[in-house]
Structures are given as C-alpha cells and as structure tokens.
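Trainee: sequence plus predicted model, see below.
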Amino acid sequence: MADNMAVPPASGLLERLEAGPVICAEGYLFEFERRGYLQAGAFVPEVVLEHPELVEQLHREFVHAGSDVVEAFTYYAHREKLRLIGKEHLLQEMNLQALAIATTVARDTGTLVAGNVCNTNVFAADEASRAAVRAMFEEQIGWAAEAKVDFIIGETFSWGEEALIALDAIKQTGLPAVITLAIHQQPETREGWSPEEACLRLEEAGADVVGLNCIRGPETLLPLLTRIRETVKGHVAALPVPYRTHDEQPSFQSLRDPAYSDLPGGRPFPTALDPFVCNRYEIADFTRDAYELGISYLGVCCGAGPHHIRSMAEALGRTPPASRFTADMSKHAFLGVDSSLKAHNREYAKEL
C-alpha cells in the first residue's frame, strides 16, 4: 500500500492482544545516534524537531518490518533531560511534534499509535521527587491523550514506585497502559522488589500489560520473564536489548570488551557495543521462547534495527512487507544451490 493512502483505524491494543501477539518496535535513541542525528550521553530526541522527515521514515521502516505499533519518539523528551541541555523551552513543541509524526504513520498504515513516558532520573523515593515526577508524567501524558493515541507506554523504570506513579497518571486518562521495568545487574528494582512482585503490584494497580524492557539481552531477560509469567494473570511484555548479555555481565551496561579497556569506566556502553550485537536468528529464537511462555507483547529495545523486527515477526509466523527481501542464499552466486550455477563457482565457494 502506498504510504500516502490511509487505511481504516486499527482495533485497540487489548483487542489485538486477545487475537494474538503484538509487536512494538523500539530503539529509536540508539538508531538515530548511529545515524548521526542524536548525541550519546544526552540522549535527547532533538531529531524530532530538526529532522521530522527522518523520524517519520524510521517509523515507516519499522512498520514495513512488522511492527504493529508506532511509538511516539518522546523517550527522554521530558523536562529533566531537556533542562540538562538547556532546551527546556522546547519541551511541548518536541512532544507535540513527535505525537503528530507517529499518529500520521499509524493512521496511514493501520497500526496502533502509542504515547510514551519513561524514567525521569530524579526519583528518589521522597515526597519532593514523587511530586516532581508526577508533574513530569502528567504533562507528557496529557499531550499524548490530547493527540488521541491508542494507548500509553511507561517504560524503563528501575524504581517500582516510579512506575506506579506513571501508571496512575496514565489511568487518569482512561487509556490502556503498558508498563515495563528495567532490571539492572541485581535482579530486582531499586527498592528491592523482585521483577515478578513489581509486575504483580503494577497489574493489581490497573496496568493492562506489565513486563520488562531494555537493559538486559535475550539470554538474561528470559529467566526473569518466566517468573513474571508464572505470577501475573494478564498480558506480559518482553522487549530485550539486542545484545549478548550473560550471567556474569547481565546488563548491556555491564558488558566488557578487553579491546576497549580505555573507554570511560572500561565500558563499551553505549558507543562500542557493536561486537555484542545479537543477530536476527538469536532474536527469532528469543521470540519463539517468549511466545511459548505465553508472552504476547513483544519487541526489541535500544540497539534494534528493522531486521530484528522482521525476524521477530517471521518467528511468529508472519510475512510483513519486508519479508519480500528475507535472505535466500540459494540465489547466491557462489553459495547458492541452483543447478545453473557454474561448477567453478561451486568449487570456489569451498574456499570462502
């Protein structure tokens, strides 16, 4: 379908989840940093205002690859992050622009559009920070509700209580809420709740989907998801980062590469993670494993590319438009199996 041809509005999130899995592509921060339109460290989505056409194009690429959701790029577009770079005056404009771009793409393609809030980095479990983060959530969520999004995502919370505050602000709008926690090296929230306890609290407080996103790769996220799925009754979300974390280094911040020991803190995170990237087949394996557990809201977070999303969709038995170009090495000049290939090409292939 041509990009400028509108399709009928999508059914709601909960209806889609009842019918089958929903894929939500994330990873916009890392992808625009790689492309040279966003600064690592600050990680503020200024590209929304400076190059809105690129944000729209990436939304369309993720939908083309199989995403059911267009998530407005308002991650870290909150008052605290903008204050740190001296651009707090752009707060409302940035949020409204991101919401408008995402809504355009979603309505064109028949996908869902989601608003987004995330960790504020100022929560400290005291009354002052509770009030501050609630105010930050309420203004962003208010703009999302006015933009008529289909649901709102609250993500990457290390504090369970901060996630509960975000959830409460979302529920005031009457919109469905997807709440995901970020679990670092210690398998618990900052206040010491296990992931399954935190997700149960969120579910009991009214979250429509609960789960985990970011920080951990497939190998170290799946065991935590297993416990969550055994504990909560409703829909569970799973959105790992596409990096090869493991038991000794369970988060992508904790990964170490001896070749780059001179990096700040000796950490490849966030700009030298390339050697640790999961390939598309690893993401497919994770998708099948998570879906077999009964997890129906799936995606890939920081570091994701459209090829990861296509692999996720195909692992669920789908053929998104991008599947037209799924790899077929039988057509390769040297590695292919077609009988028309010259014999000397096949012999050369043995040396490759």
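Mentor: The structure has been received and is ready for your questions. Treat the numbers as computed from the prediction; the structure is a model and nothing was measured. Numbering: from 1, shown residues only.

Trainee: ranges for the strands of the stretch 1-150 of the chain?
Mentor: Applying DSSP state E, counting those that start in this stretch to the stretch 1-150 of the chain gives strands spanning 22-25, 69-71, 112-118.

Trainee: then the last one to PDB, C-alphas only?
Mentor: Once non-C-alpha atoms are left out, strand 112-118 reads as follows in PDB (Å, rounded to 0.1, in the frame of the first residue of the first chain):
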ATOM      1  CA  LEU A 112      -1.600   1.400  16.700                       C
ATOM      2  CA  VAL A 113      -0.100   4.700  17.900                       C
ATOM      3  CA  ALA A 114       1.300   4.800  21.400                       C
ATOM      4  CA  GLY A 115       2.300   7.700  23.700                       C
ATOM      5  CA  ASN A 116       5.400   7.300  25.800                       C
ATOM      6  CA  VAL A 117       6.900   8.300  29.100                       C
ATOM      7  CA  CYS A 118       9.900   6.900  30.800                       C
END
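
Trainee: pLDDT (mean, whole number) over it?
Mentor: Strand 112-118 carries an average pLDDT of 98.

Trainee: and that strand, which strands flank it?
Mentor: As defined by DSSP bridges, the strand partners of strand 112-118 come to strand 69-71 (parallel), strand 151-157 (parallel).

Trainee: pipe those into a markdown table and attach mean neighbour count, distance to E139 and mean pLDDT per row.
Mentor: The way it works is simple: take the backbone N, C-alpha and C, and place the C-beta from them, glycine included. Below are the strands paired with strand 112-118 laid out as a markdown table (neighbours: other Cβ atoms under 10 Å; distance: least, Cβ to Cβ, whole Å; pLDDT from 0 to 100):
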| stretch | mean neighbour count | distance to E139 | mean pLDDT |
| --- | --- | --- | --- |
| strand 69-71 | 28 | 18 | 98 |
| strand 151-157 | 27 | 13 | 98 |
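
Trainee: in the stretch 101-250 of the chain, which ranges drop under the pLDDT threshold?
Mentor: Scanning the stretch 101-250 of the chain for pLDDT under 70 picks out no residues.

Trainee: so which residues of it form helices?
Mentor: 127-146, 160-171, 195-204, 218-231 (DSSP state H, counting those that start in this stretch).

Trainee: tell me how far stretch 243-259 lies from the chain's centre.
Mentor: 19 Å (Cα atoms, centre = their mean, to the nearest Å).

Trainee: buried residues, that stretch. List them.
Mentor: Y243, R244, T245, Q249, P250, S251, F252, Q253, S254, L255, R256, D257 (16 or more other Cβ atoms under 10 Å).

Trainee: please apply the same query to stretch 44-61.
Mentor: Those would be V44, P45, E46, V47, V48, P52, V55, E56, L58, H59, R60, E61, for stretch 44-61 by 16+ other Cβ under 10 Å.

Trainee: for the fifth one, give me its contacts.
Mentor: Listed by Cβ atoms under 8 Å, 6 or more residues apart in numbering, the contact set of V48 reads V55, F73, T74, A77, M94, Q97, A98, I101.

Trainee: kindly report the same for the last one.
Mentor: The neighbours of E61, taking Cβ under 8 Å, 6+ apart as the test, are P306.

Trainee: separation between it and A25?
Mentor: Distance of E61 to A25, given as Cβ to Cβ, to the nearest Å: 9 Å.

Trainee: contacts for stretch 194-201?
Mentor: With Cβ under 8 Å, 6+ apart, stretch 194-201 has contacts from 160, 163-164, 181, 183, 187-189, 193, 210-212, 224, 227-228, 230-232, 236.

Trainee: could you redo the last one with a cut-off of 10 Å?
Mentor: With Cβ atoms under 10 Å, 6 or more residues apart in numbering as the contact definition, stretch 194-201 has outside contacts at 157, 159-161, 163-164, 167, 179-181, 183, 187-189, 191-193, 207, 209-212, 221, 223-234, 236-237.
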